[in-house]
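**Student:** kindly generate the corresponding structure for this input.
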Amino acid sequence: MERTNFTVTEFFLLGFHELPNFQLVLFFIFLAIYVVTLVGNSLTIGLFCFDHHFHSPMYILLCNMSVLDISFTSMVLPKLLDIFLTGNNVISYKGCITQVFFFVVLMVSEYFILAAMAYDRYVAICHPLRYSYFMSIQVCFWIILTSWSIGVFDGILYVILISSCTFCRSNKVDHLFCDMKPLMMLSCSDTHTIEMIILGPSAIIGFVNSVMTLVSYMYIISTILNIHSKEGRHKTFSTCSSHLTVILLFYGTVLGMYMRPKSSYSMNQDKVFAILYAGVIPMLNPLIYSLKNQEAKKGLRRLMKQILQ
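**Tutor:** Sure, this is the predicted structure:
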């Protein structure tokens, strides 16, 4: 029976339907990931909110990253946990479109925040005496506002485009959540124009932020190599190694997800990448930053004392 976007009122998220005997095991694995993500990122936000030592541009950006991580994970994992536990894989048409919107908003915002964090490290290492001028708290808030605004604009564009599609092949989404790629595969409309419209802004956003990040680290590495003391080089590099690790994880996952040639496309591979950027990376981010940051460790101890008192 032909389905159109006027008659389709719900979709079915298939999740890991190919592993019927492991649904309960997967439930507990993803529940653990979700809990650790919420706790770790909430502690990072708590550090910024309740400890004046962390009222600096770097930690404002890090706090915003934690908000993005919590939002990203909460967009995907609760519904996935429901599927594992109850088998209820139904998501409404509006709910599916909402997931597309928030996925795009959060992904675009994260691109900008990671680039801003690279710029922050560049200014701190290469121009430490002018740091307060180039990277003031006011500048930081403008960066965050711009990041979210562009993300919302891009998200609205995606929603308009996907809402214009006609769905007549199936309403079964073979993915962990409603993403553009699996939804486009279900459409019987001509999606070539939509893909071209999406590719333009996405390519510009990805290119600009990638170049900004790359150039920042080229200057950072050049400055570090010019430090004569081995101890000085190690200490300076340690201030940006956490961020560099997060960047490599994020860009590696996104490139693997969206830049693979169509000949090697596999929905199962997409699911693995989706687990990484919607679950594993948000869980690891606060651990990476806190484990390599002595100031953050001390702040966490102070925060835990306040919570336990």
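
**Student:** what's the neighbour count on the nearest residue to Ile143 once chain neighbours are set aside?
**Tutor:** Closest residue to Ile143 apart from its sequence neighbours, by Cβ to Cβ, 6 or more residues apart in numbering: Ala116 at 4.7 Å. To be clear about C-beta, it is placed using only N, CA and C from the backbone, and glycine gets the same treatment. Neighbour count for Ala116, taken as other Cβ atoms under 10 Å: 27.

**Student:** one more: the one 3 residues further on?
**Tutor:** Other residues near Tyr119 number 20, with proximity taken as other Cβ under 10 Å.

**Student:** how near is it to Leu183?
**Tutor:** Per Cβ to Cβ, to the nearest Å, Tyr119 is found 34 Å from Leu183.

**Student:** now the helix or strand that contains the residue nearest to Ile143: buried residues?
**Tutor:** Using DSSP states H and E, Ala116 sits within helix 93-126. Buried residues in helix 93-126, counted by 16 or more other Cβ atoms under 10 Å: 93, 96-126.

**Student:** what mean pLDDT does the next helix or strand after that helix have?
**Tutor:** Next along the chain after helix 93-126, taking DSSP H and E as the criterion, comes helix 131-134. What helix 131-134 shows for mean pLDDT is 86.

**Student:** next helix or strand past helix 131-134?
**Tutor:** Helix 131-134 is succeeded, C-terminally, by helix 137-163 (DSSP H and E).

**Student:** in that next one, what counts as buried?
**Tutor:** Across helix 137-163, burial judged by 16+ other Cβ under 10 Å covers 139-140, 143-144, 147-148, 150-152, 154-155, 157-158, 161-162.

**Student:** please apply the same query to stretch 189-208.
**Tutor:** Neighbour-count burial for stretch 189-208 flags Thr191, Ile194, Ile198, Pro201, Ser202, Ile205, Gly206 (criterion: 16+ other Cβ under 10 Å).

**Student:** reformat those as TSV; add distance to Asn171, secondary structure and pLDDT.
**Tutor:** Shown next, in TSV, are these (distance: Cβ to Cβ, whole Å; DSSP: H, G, I helix; E, B strand; the rest coil; pLDDT from 0 to 100):
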residue	distance to Asn171	secondary structure	pLDDT
Thr191	16	coil	72
Ile194	19	helix	76
Ile198	22	helix	73
Pro201	28	helix	75
Ser202	26	helix	77
Ile205	30	helix	84
Gly206	30	helix	82
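
**Student:** now Asn268: closest residue in space that isn't a chain neighbour?
**Tutor:** Using Cβ to Cβ, 6+ apart, the closest residue to Asn268 is Glu18 (7.7 Å).

**Student:** count of neighbours near that neighbour?
**Tutor:** Residues near Glu18, counting by other Cβ under 10 Å: 11.

**Student:** that one: what secondary structure?
**Tutor:** Classification of Glu18 using DSSP: H, G, I helix; E, B strand; the rest coil returns coil.

**Student:** okay, it: pLDDT?
**Tutor:** Glu18 carries a pLDDT value of 82.

**Student:** Tyr122 now?
**Tutor:** For Tyr122, the predicted pLDDT is 90.

**Student:** likewise for the one 4 residues further on?
**Tutor:** pLDDT recorded at Cys126 is 89.

**Student:** my read: it touches Tyr219, true?
**Tutor:** Yes. Contact criterion Cβ atoms under 8 Å: Cys126 and Tyr219 qualify, at 5.3 Å.

**Student:** now do the strands in the stretch 151-300 of the chain.
**Tutor:** Chain-ordered strands for the stretch 151-300 of the chain, with DSSP state E, counting those that start in this stretch as the definition, fall at 172-173.

**Student:** low-confidence ranges, it, go.
**Tutor:** Where the stretch 151-300 of the chain drops to pLDDT under 70, the residues are 169, 256-266, 291-300.

**Student:** so Leu284 versus Asp69, what's the distance?
**Tutor:** 9 Å.
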